[in-house]
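> sequence first, then the predicted structure, then my questions.
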Amino acid sequence: ALVIIGGLNWGLVALAEFDLVATLVGLDFGETNVVSRIVYGLVGVAGGLAEQLHLRVGVVEVRGRSMAPTLLSGDRLLAARLGSRVGDVVLVPDPRDEGRELVKRVVSIDAFGVTVRGDNPVASTDARTFGAIRADRVRWRVLLRYWPLDRAGVVPPPPPVVDEGGEDACTFPQALIAGD
């Protein structure tokens, strides 16, 4: 019972936070406000339940194009301290700057570590640059995208890569536009 009460408490806090932020920035969501409130409430309840069950959860905002079109800059994700499996989207420390975390997909796990790559190889700095990451360094697994609402839900699998003639395949052709 205490676990459920703790989760519901987080849900109420999330709703209050949503209303406060919307008011401060002058947003009027109209009819979608109900849906937005429900999503924020559910994320809050999930976070509260996870905390009560001693699971570590966190939120992260995607920056950059390395995971496009699966994840876009500005997407907000709910992640938990869980082990990783092939195909999972995870957060890993950037080997070039320990203060940063990278959002990548696990493509293999072996004795050398965990190999991660972005879904958009043209715009991704990943295992092709820095090699495999020690398994104990991959501590966060993305559970779902909660924002924007029209794309909320479980993170989909990577898009198919089509190689049409020996060139490096690009899963996000817009990335090839100069100056973009």
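Arrived safely, thanks for sending. Quantities reported herein were computed from a predicted structural model and do not represent experimental measurements.
> quick check: closest non-adjacent residue to residue 81.
In space, and not counting its chain neighbours, residue 81 is closest to residue 56: 3.7 Å by Cβ to Cβ, 6 or more residues apart in numbering. The way it works is simple: take the backbone N, C-alpha and C, and place the C-beta from them, glycine included.
> give me the number of residues near that neighbour?
When neighbours are counted by other Cβ atoms under 10 Å, residue 56 registers 12.
> correct me, but it touches residue 91?
No - using Cβ atoms under 8 Å as the test, residue 56 is too far from residue 91 to be in contact (11.8 Å).
> endpoint to endpoint, stretch 128-141 covers what distance?
Terminal residues of stretch 128-141 are spaced 21 Å apart (Cα to Cα, to the nearest Å).
> in that stretch, what counts as buried?
The neighbour-count check on stretch 128-141 (16 or more other Cβ atoms under 10 Å) flags 132, 133, 138, 139, 140, 141 as buried.
> contact partners of it?
Residues outside stretch 128-141 that contact it (Cβ atoms under 8 Å, 6 or more residues apart in numbering) are 58, 60, 79-84, 88-93, 95-96, 101, 106, 109-110, 112-117, 121, 127.
> over to stretch 78-88?
Here stretch 78-88 makes contact (Cβ under 8 Å, 6+ apart) with 43, 46-47, 50, 55-60, 90-91, 105-109, 114, 135, 138-146, 157.
> which strands and helices sit next to whichever strand or helix holds residue 92?
Assigned by DSSP states H and E, residue 92 falls within strand 89-94. If you count contacts as 3 or more Cβ pairs under 8 Å, 6 or more residues apart in numbering; DSSP states H and E, strand 89-94 packs onto strand 97-110, strand 113-117, strand 140-147.
> in JSON lines, list the ones you listed along with mean pLDDT.
JSON lines is the format used below for those (pLDDT from 0 to 100):
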{"stretch": "strand 97-110", "mean pLDDT": "92"}
{"stretch": "strand 113-117", "mean pLDDT": "95"}
{"stretch": "strand 140-147", "mean pLDDT": "90"}
